[in-house]
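**Q** requesting a structural model of the entry that follows:
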Amino acid sequence: MPSNSNSQPTTGLKHHFSTLAVGIKLGSFVRVPLIHDVQTMDKLTTEELNQLVLEEPTSCINRNAPLGHLLSVIFQSFKVQAPRAEDLRVPLSQIQYSNERINDQFRQYQATDSVELWDSKAKKWNWGLPDPPRKQYERSKKGKKGKKICEEGSLGEGGSQVSRGSTSDSNSNAEHVVAGFLNVLMGALSRHGLKTKQANRIWSGAHSTAPIKGEVIPRKPDIVMSDEPDPGWAGIKVVVEVTSGKYRPGKRAAKSLDTKAYIILKHQPWRRFALMLSLCHHHRELRVHVYDHSGSAVSPPFHIDRQKDKFLQILSAIVFGSDECIGFDTTMKIRQLKLPILPRRSRAPRRLRARIQKDTICDESGTLAKLGDVASGEESDEESDELDDESGYESESASSYKPSPSRGLEALGDDSSSSVFSSLEPDERPDIRTGPPALPELPPLATPASPLPFISQTSVPPNPSPIGKIQVNDNWYDILEVIWSSHGLVGRGTVCYLTRKDDQQYIIKDHWVAGDANDDIFNEVIMLKKMQGVRGVPELVEFGKVKLSTGEVDNTRTYRYRELPSLTGTWRTHFRLVMKPRGRPLHKFQTKLEFLRAIRDIVAIQQEAYERGILHRDCSLHNAMIEEADGNSLGMLIDWEFAVVIAPDNKYHVGGTGTIPFMSRRILQQVKKIWVSEPAKKGASSSSPWTIDFVVQDYSDDLESLFYVFCWICIGYSGPLGIERHLNASTQWLLHTWSNWNIAGCFDTKISFYTTDDGETAIRTQFDDYFQDLVPLALDWMNLLRLNFPVHLEGKTVHRPIKFDALLNILDTHIARLLKDMPELSPERLFRKRLVDKNVKDVHTSGLIMEDRDRIRVAVKKRGLNEDWTVEPVKRSKISNSGGS
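**A** Coordinates of the predicted model:
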């Protein structure tokens with residue numbers, strides 16, 4: 001048990017560590033380095049769902065709730081009674097999978113004859129579902145407690161499956177069999193008057209053997225329900241996991257559902273919850289899993305044979321009910337958007353790695369030499385086709401790209417394949433939710449038709465086509481763009497939209513606020529009103545709770561049949577705020593001068609808040625913005641949800657501890673006291689989470705967090721407009737160590753950063769070349785923060801917060817120095833110079849390669865950029881051994 005003076009556990013009660021209890025989000029751990037392996041994601045989702053999965057027992061099924069509490073709540077808008085199983089009939093030709101029992105029963109029927117889907121005599125479905133193993137084929141062995149444990153043998157009753165209309169055994173796996181069964185049931189139900197809004201809704205097992213493209217986490221859902229044949233994660237409505245084993249929350253099937261739910265909410269962040277199904281215990285035991293921002297709720301099990309009519313009612317609600325039944329929000333409508341994944345930061349782009357590997361050879365002396373298409377500046381069609389097929393996007397030639405005022409979500413819309421990024425690998429594509437894309441690291445250039453094909457403008461065209469609508473109170477707003485969305489299962493689930501109403505643009509923050517009392521929900525509203533009139537703080541226009549079609553407020557508590565101690569404090573209420581003006585993220589600055597001035601403005605905002613008696617408490621990368629104002633720009637500080645009125649003793653409830661990489665040393669020190677490194681178990685229980693009754697926090701912690709934001713940008717980016725930098729995995733980057741899952745390790749790293757020479761060395765060596773002239777500022781700021789360390793005076797430990805003016809003076813000094821230096825290149829001229837330099841370097845490298853190969857007299861044409869931004873052959877004389885032209 002951890003010792004913590006702030007936590008007050010009751011003797012005799014169980015306790016566990018919960019990331020939610022201290023405000024830590026899964027997004028703190030999956031961004032840098034980007035997690036893309038299944039095992040790590042399974043571990044992280046299990047940790048986040050630690051004792052937050054509530055399984056509903058069969059005792060919850062009663063006359064008032066025939067499907068139990070959870071399903072009665074989520075399906076309450078579906079008022080139709082499904083037909084009885086005995087009434088369902090289909091043409092015999094549609095029974096694609098059968099067995100000996102079914103063949104004997106319908107031996108005298110023709111393919112066009114209508115037959116029953118339910119066998120009333122055998123009390124089984126007339127479909128060749130995998131059957132439980134026969135007892136005579138079971139092999140028993142003694143378990144730990146002397147009980148017999150049965151291992152699966154061959155197929156049971158009816159013998160092996162027979163596939164109609166299929167010549168390949170590979171098409172007869174359990175996923176295809178179950179998907180076909182669900183499709184036939186859906187067709188039979190539709191003949192009884194049940195209709196879907198989408199005529200082409202389908203269940204498919206096609207992805208059970210290959211991961212869905214467009215996502216770095218390679219997950220293969222067994223069965224998906226969607227409205228198109230190849231939907232991608234953005235188009236999946238429901239996922240089904242099938243297994244012959246019994247259901248266990250900590251076993252493979254459940255862990256797989258956790259990660260798939262995370263991916264669905266990542267690509268469809270506007271959903272209220274992700275709905276998943278598991279078909280376990282010889283594919284006969286159905287459970288419905290709801291993943292929302294408080295954890296997960298699981299329905300009672302339903303046997304699809306013994307409880308056939310309840311099974312049909314569940315299936316009918318999922319397929320034929322409104323989208324509200326499967327987790328969508330009726331107060332907003334949005335076109336399906338295939339959001340590109342975040343670029344992988346820890347490795348070079350796969351396309352570049354493959355090219356280097358392909359075009360590198362060793363000569364007799366062991367010297368590496370690049371050959372082939374790279375030297376000539378050309379790319380083979382075969383490679384391009386291969387890459388396009390792997391990425392899952394149709395390709396568009398870079399030469400056909402025409403610059404437009406905006407390349408946001410509205411430009412992608414229904415035709416995301418016609419994007420300039422379609423020729424890039426999935427791990428190179430920028431995340432269009434976060435604004436202007438990063439400039440990828442490219443191989444030698446193809447011919448561009450425009451100067452800046454990889455830079456999108458931050459401005460929105462005067463009349464962009466809306467991609468959806470969203471409601472706040474009685475007002476409907478046009479959605480123009482999804483600006484940003486958070487990742488993770490448990491937490492606020494924040495999505496920010498750029499919207500328009502009456503020719504005015506607004507930002508709508510859609511999120512899930514902890515608690516259901518008005519004081520908790522309206523805290524950000526109260527703080528924004530207290531900060532009204534401060535430049536750089538959003539102006540509040542309106543706000544309101546989100547309601548369901550029944551008129552009830554959307555709250556995650558309603559999905560749980562009871563509240564166990566481990567679920568205390570996890571409930572969240574759906575809430576929206578309408579604000580203006582729009583800002584761009586701090587890392588999308590245009591010049592270093594604008595970058596530093598925005599940081600200074602944010603410090604001044606925090607100072608003004610302090611003077612008004614307000615503490616922000618959540619300064620992080622995505623809360624620092626830049627606002628365009630009257631032709632100039634100024635820094636913005638957003639997200640005042642965790643702000644508090646300053647207390648005399650600086651003690652506050654947990655909630656605004658922030659995101660792990662940007663937490664101050666003092667906050668990490670308090671949180672790490674309740675850190676327990678033990679295996680997580682997902683089932684809700686009587687165990688209470690370890691909590692900190694309060695944290696000691698003041699404005700100096702926010703100033704320290706802002707320093708980490710500053711360093712994060714200088715290390716993780718390589719220029720203006722958010723050009724992300726690829727960080728190789730072999731270096732101990734500060735960004736990686738500050739994102740440590742072990743909070744105690746993260747604290748130790750930050751202490752060492754200030755108390756040893758390692759911190760200064762890391763700043764000097766890890767800042768990108770573009771930011772090297774900001775190293776002196778980083779060192780001055782770092783030395784100032786050293787004064788934040790507690791000191792012992794007269795037998796007491798005293799914390800002496802740094803002064804606002806001290807930091808403002810440092811920033812003013814370095815801003816003045818930038819003004820005296822040579823004027824900085826604009827982003828356009830900077831990118832042009834970089835591309836020219838890169839091309840010259842490639843040409844020079846090609847020349848050296850050809851010098852080494854001159855003995856075999858291979859001719860080469862070198863290419864270079866001219867002043868008109870076109871690629872033209874450069875005439876050269878024969879290369880001599882001395883390197884002359």
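**Q** and residue 518, how many residues sit next to it?
**A** 11 (other CB atoms under 10 Å). Using the backbone N, CA and C atoms, a C-beta is placed for each residue, glycine as well.
**Q** could you do residue 660 as well?
**A** Neighbour tally, residue 660, other CB under 10 Å: 23.
**Q** could you do residue 116 as well?
**A** 17.
**Q** and it, how far from residue 470?
**A** Relative to residue 470, residue 116 is positioned 46 Å away (CB to CB, to the nearest Å).
**Q** one more: residue 38?
**A** 34 Å.
**Q** also residue 69?
**A** 30 Å.
**Q** neighbour count winner among those two?
**A** The residue with more neighbours, out of residue 69 and residue 470, is residue 470; 24 against 21, by other CB under 10 Å.
**Q** the more buried one contacts residue 506, correct?
**A** No: Residue 470 sits out of contact with residue 506 when judged by CB atoms under 8 Å, with a separation of 10.3 Å.
**Q** joint contacts of those two?
**A** Contact criterion CB atoms under 8 Å, 6 or more residues apart in numbering; residues shared by residue 470 and residue 506: 477, 499.
**Q** can you pull the contacts of the closest residue to residue 115 other than its chain neighbours?
**A** Excluding its sequence neighbours, the residue lying closest to residue 115 (CB to CB, 6 or more residues apart in numbering) is residue 92, at 5.0 Å. Residue 92 is in contact with 106, 109, 110, 111, 112, 113, 114, 115, counting by CB under 8 Å, 6+ apart.
**Q** any regions of the protein where pLDDT drops low?
**A** When residues are selected by pLDDT under 70, those of the chain lie in 1-36, 132-172, 198-199, 336-463, 517, 655-658, 674-692, 792-795, 838-885.
**Q** residue 82: neighbouring residues, count only.
**A** Residues near residue 82, counting by other CB under 10 Å, number 21.
**Q** that one is in what secondary structure piece?
**A** Under DSSP states H and E, no helix or strand contains residue 82.
**Q** touching, it and residue 308? I think so.
**A** No: look at residue 82 against residue 308 with CB under 8 Å: they stay out of range, at 10.3 Å.
**Q** still on that earlier bit, list the backbone torsions phi and psi for the residue nearest to residue 115.
**A** phi -60, psi -30 (degrees, to the nearest 10).
**Q** how close does it sit to residue 107?
**A** 11 Å.
**Q** same thing with residue 126?
**A** From residue 126 across to residue 107, the span is 13 Å (CB to CB).
**Q** show me which of these two is the more surrounded one.
**A** Taking other CB under 10 Å, residue 126 and residue 107 do not tie; residue 126 has more neighbours (23 against 7).
**Q** how about the contacts made by that one?
**A** 95, 98, 102, 105, 106, 115, 116, 117, 118, 119.
**Q** now with 7 Å?
**A** 95, 102, 115, 116, 117, 118, 119 (CB atoms under 7 Å, 6 or more residues apart in numbering).
**Q** check the burial of the fifth one by counting its neighbours.
**A** Residue 117 sits with 22 neighbouring residues when counted by other CB under 10 Å.
**Q** go on, the first one?
**A** Summarising burial for residue 95: neighbours were counted as other CB under 10 Å, giving 23.
**Q** surely it meets residue 129?
**A** No: look at residue 95 against residue 129 with CB atoms under 7 Å: they stay out of range, at 11.5 Å.
**Q** strands of the stretch 701-850 of the chain, start to end?
**A** In the stretch 701-850 of the chain, the strands defined using DSSP state E, counting those that start in this stretch lie at 791-793, 796-798.
**Q** quick check: closest non-adjacent residue to residue 257.
**A** Leaving aside its sequence neighbours, residue 257 sits nearest to residue 276 (CB to CB, 6+ apart; 4.9 Å).
**Q** so that neighbour sits in a helix?
**A** No: per DSSP: H, G, I helix; E, B strand; the rest coil, residue 276 lies outside any helix segment and is strand.
**Q** ok, now how distant is it from residue 287?
**A** Separation of residue 276 from residue 287 (CB to CB) stands at 9 Å.
**Q** do the same with residue 183
**A** Taken as CB to CB, the span from residue 183 to residue 287 is 21 Å.
**Q** try residue 639
**A** Taken as CB to CB, the span from residue 639 to residue 287 is 36 Å.
**Q** try residue 806
**A** Distance of residue 806 to residue 287, given as CB to CB: 59 Å.
**Q** more neighbours: these two, which one.
**A** Ranked by neighbour count (other CB under 10 Å), residue 806 and residue 287 place residue 287 first, with 23 against 13.
**Q** what about the strands in the stretch 151-300 of the chain?
**A** Taking DSSP E, counting those that start in this stretch, the strands of the stretch 151-300 of the chain run over residues 162-163, 202-204, 223-226, 236-242, 274-280, 285-292, 295-298.
**Q** enumerate every residue touching residue 653.
**A** By CB under 7 Å, 6+ apart, the contact set of residue 653 is residue 694.
**Q** no, scratch that, I was asking about residue 603
**A** Contacts here follow CB under 7 Å, 6+ apart; on that basis residue 603 touches 703, 706, 804, 807, 808, 811.
**Q** wait, the second one touches residue 601, no?
**A** When you say that, I think you mean residue 706. No: contact status for residue 706 versus residue 601: not in contact, 11.2 Å apart, counting by CB under 7 Å.
**Q** bridging residues for the closest residue to residue 236 other than its chain neighbours?
**A** Spatial nearest neighbour of residue 236, chain neighbours left out: residue 224 (4.8 Å); criterion: CB to CB, 6+ apart. Beta-bridge pairing of residue 224 under DSSP bridges involves residue 204, residue 239.
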